[in-house]
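Participant: Have a look; sequence and predicted model below, questions after that.
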Amino acid sequence: MTQPRTAALIVAAGQGVRSGGETPKQFRMLAGRPMLAHSWRALSAHPAIDTVLVVIGEGQEDLLNAALGDVPHTIGGATRRDSVRAGLAALGDGIERVLIHDAARPFVLGVVVTRLLEALDASPGAVPALAVADTLARGGVALGDVVDRNGLYRVQTPQAFRMRAIVAAHETWPADAEATDDAQMLRRAGGEVALVEGDTMLEKITYPPDFAAAEARLGTAMQVRSATGFDVHKLAEGEELWLGGVLIPHDKGLAGHSDADVALHALTDALLGTIAEGDIGTHFPPSDPQWRGAASSQFLEHAASLIAARGGVIDFVDLTLICEAPKIGPHREAIRARVAGLLQLDSGKVSIKATTTERLGFTGRGEGIAAQAIATIRIPA
Ligand code: MG
C-alpha cells in the first residue's frame, strides 16, 4: 500500500510588527537560526511529509533565500486566509493530505505531526490542542465572572487536513467573513475536526519577551557535548610553520598532509568528535591529492558547518600546543583571533595554551609538535 502524498504548508507571510524590530518576526533569529527555519527543518525531516512549501509575503524573497536558500515557496495574499489559499493552489494535484502551519510556532514536534496524520484516517481534519489550565474570567476595567474552563482548549498548529476537504472549505467560505484558522473553516463546511494532544513547545511567538522565553525553553532541549582531538606533526627543514592558522617565522616547519597545521587538526577532530562524525581523515583523506598543501582552515570550517547544520552551537574550544620551540606566547593572541574568526566565536570562547615536555620525548628533542584540543557544544537532543 502506498502512503498518501503529504505536503506541509508553512504560512510565513506576516509582517510581525508586534514582536518589535524591522525584520518580520518569522525571519528574525531565534536560537541560532531564523525562526522560520526551525519549523521548516522539523517538517522537512518528518518521514511522512513529501514536500514543504513556504508561503511568504510580497517582497520577502530575499529574506527567505537568506534563511533557507532556494526552497519551494509561493507568494501569499493580504490576509492569512488568502495566503493559505495561495499555498493550497500552489501545491496542486496529487497531494492527498496537507499540514497547515504558522511560522510563528517554531518548534514542531515530529510526534505531534504523527498523531495528526493518524487522526486523518478517521476525520477530514485534526488539530493539536491543550486543555486550559489557568482560571478564565471575563474582564474589562474590573474582573468579571469566572468562565468555566471545563472543555475549553487552546488550539495550535500544525493543523492537518485531507486536501480535498480543506480546499472545498476555503472555496465555500464567505468572502467577507473572518476566519481565525483553517480548522474553523472546515467545521463551518460540515467537516469534523479531531482533537489530538498538543504540546507546550508549539506555543506561538508574538511579543518580544516570547523570543527570550522560547530560547530558554529550547535551551532545556539542548544537549551539551564535549570531545577531544589530538595530533602530531614532524618538524622539518624547508617547511612553513603554520600553527592555528597563523604562519609563524621559525627555522623549521611542520611536514605532512595539507599544511600540517597540528593545532587546527586537533581542533577539527575535537569538533568532529562532538557529533561523532569520524575524524579529519574520514572527511579529507591523506590519499586524496587535492588536500596536499591545503590550508587547514577549511577543515576546521567544514567541521563547524556540520555542527551548525544539525542546529548545534559551539560554546567553547581549548587548545594546548606541546613543543620546546618556537615560543607560543608571542603568537598566542594572533592564533586566538584566527581560530575565533574561523569558528565565528567571540575570542572569549577560545583558549590557547602551550607547554613543553621538559626536553623529554620527541617534542622535547624538537622533532615534532603535538597539539590537543577539547570542544564543547550544545546540540538539539
Ligand atoms: Mg594532522
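Facilitator: Yep, that arrived. Numbers count the residues shown, from 1 in each chain.
Participant: rest of the way, CA atoms for contacts and neighbours
Facilitator: OK.
Participant: For the spatially closest residue to residue 143 that is not a sequence neighbour, report the pLDDT, please.
Facilitator: The shortest distance from residue 143 to any non-neighbouring residue, by CA to CA, 6 or more residues apart in numbering, is to residue 137 (7.1 Å). pLDDT, residue 137: 90.
Participant: For the helix or strand harbouring residue 137, which outside residues touch it?
Facilitator: Element membership of residue 137 [criterion: DSSP states H and E] is strand 136-139. Residues outside strand 136-139 that contact it (CA atoms under 8 Å, 6 or more residues apart in numbering): 143, 144, 145, 146, 147, 148, 149.
Participant: Now do the residue nearest to residue 143 against residue 31, distance only.
Facilitator: 34 Å (CA to CA, to the nearest Å).
Participant: Looking at the two, which one has more neighbours?
Facilitator: residue 31 (17 against 12; other CA atoms under 10 Å).
Participant: As a check, name the ranges of all helices in the stretch 251-381 of the chain.
Facilitator: Secondary structure of the stretch 251-381 of the chain by DSSP state H, counting those that start in this stretch: the helices cover 262-274, 280-283, 297-309, 332-343, 361-364.
Participant: if you compare those, which one is most tucked away?
Facilitator: Among the helices of the stretch 251-381 of the chain, ranked by average contacts under mean count of other CA atoms under 10 Å, first place goes to helix 262-274 (a mean of 28).
Participant: Run through the neighbouring helices and strands of that helix.
Facilitator: strand 222-236, strand 242-243, helix 280-283, helix 297-309, strand 313-322, strand 368-380 (3 or more CA pairs under 8 Å, 6 or more residues apart in numbering; DSSP states H and E).
Participant: please redo it, this time with the cut-off set to 10 Å
Facilitator: Secondary-structure packing of helix 262-274 (3 or more CA pairs under 10 Å, 6 or more residues apart in numbering; DSSP states H and E): strand 222-236, strand 242-243, helix 280-283, helix 297-309, strand 313-322, helix 332-343, strand 368-380.
Participant: which one of the ones you listed lies closest to residue 124?
Facilitator: Minimum separation from residue 124 across the helices and strands packed on helix 262-274 (CA to CA) falls at strand 368-380, 33.2 Å.
Participant: Buried residues in that closest one, which are they?
Facilitator: Within strand 368-380, the residues that count as buried by 16 or more other CA atoms under 10 Å are 368, 369, 370, 371, 372, 373, 374, 375, 376, 377, 378, 379.
Participant: Same check on stretch 173-182?
Facilitator: 173, 181, 182.
Participant: what residues are up against the last one?
Facilitator: The neighbourhood of residue 182, defined by CA atoms under 10 Å, 6 or more residues apart in numbering, consists of 80-81, 84, 100-101, 125, 127, 157, 159-161, 166-167, 169-170, 188.
Participant: Name only those of these that count as buried.
Facilitator: Buried among the contacts of residue 182 (16+ other CA under 10 Å): 80-81, 84, 100-101, 125, 127, 157, 159-161, 166-167, 169-170.
Participant: Out of the helices of the stretch 251-381 of the chain, flag the one nearest residue 249.
Facilitator: Set against residue 249 and scored by CA to CA, the helices of the stretch 251-381 of the chain come closest in helix 332-343, at 13.1 Å.
Participant: Mind giving me the packing neighbours of the lowest-mean-pLDDT helix or strand in the chain?
Facilitator: Across the helices and strands of the chain, the lowest-confidence element by mean pLDDT, DSSP states H and E is helix 208-219, at a mean of 80. Applying 3+ CA pairs under 10 Å, 6+ apart, we find helix 208-219 packed against strand 29-30, strand 368-380.
Participant: Hmm, residue 123 and residue 192 touching each other?
Facilitator: Yes. Under the criterion of CA atoms under 10 Å, residue 192 makes contact with residue 123 at 5.9 Å.
Participant: Can you name the residues that contact the most centrally placed residue in the chain?
Facilitator: The chain has residue 311 as the residue nearest its centroid, 3.6 Å off, counting by CA atoms, centre = their mean. For residue 311, the contact set (CA under 10 Å, 6+ apart) comprises 31, 32, 33, 38, 41, 222, 305, 378, 379, 380.
Participant: what's across from the last one in the sheet?
Facilitator: Right, residue 380. Judged by DSSP bridges, the bridge partners of residue 380 are residue 222.
Participant: Also the third one?
Facilitator: For residue 33, the beta-bridge assignment (DSSP bridges) gives partners residue 30.
Participant: confidence score at it?
Facilitator: pLDDT, residue 33: 81.
Participant: Now do the same contact list for it.
Facilitator: If a contact means CA under 10 Å, 6+ apart, then residue 33 has 27, 67, 68, 308, 311 as its contacts.
Participant: And it, how close does it get to residue 316?
Facilitator: Relative to residue 316, and taking CA to CA, residue 33 is found at 19 Å.
Participant: and what of residue 273?
Facilitator: Applying CA to CA to residue 273 and residue 316 gives a distance of 14 Å.
Participant: so which of the helices and strands packed on helix 262-274 gets nearest residue 111?
Facilitator: Between those, strand 368-380 lies closest to residue 111; by CA to CA that is 15.6 Å.
Participant: Now do that closest one against strand 222-236, angle only.
Facilitator: Counting by axes from the mean of the first three to the mean of the last three CA atoms, to 10 degrees, strand 368-380 lies at 160 degrees to strand 222-236.
Participant: now for strand 368-380, which elements pack on it?
Facilitator: Here strand 368-380 touches helix 208-219, strand 222-236, strand 253-255, helix 262-274, helix 297-309, strand 313-322, strand 350-355, helix 361-364, going by 3+ CA pairs under 10 Å, 6+ apart.
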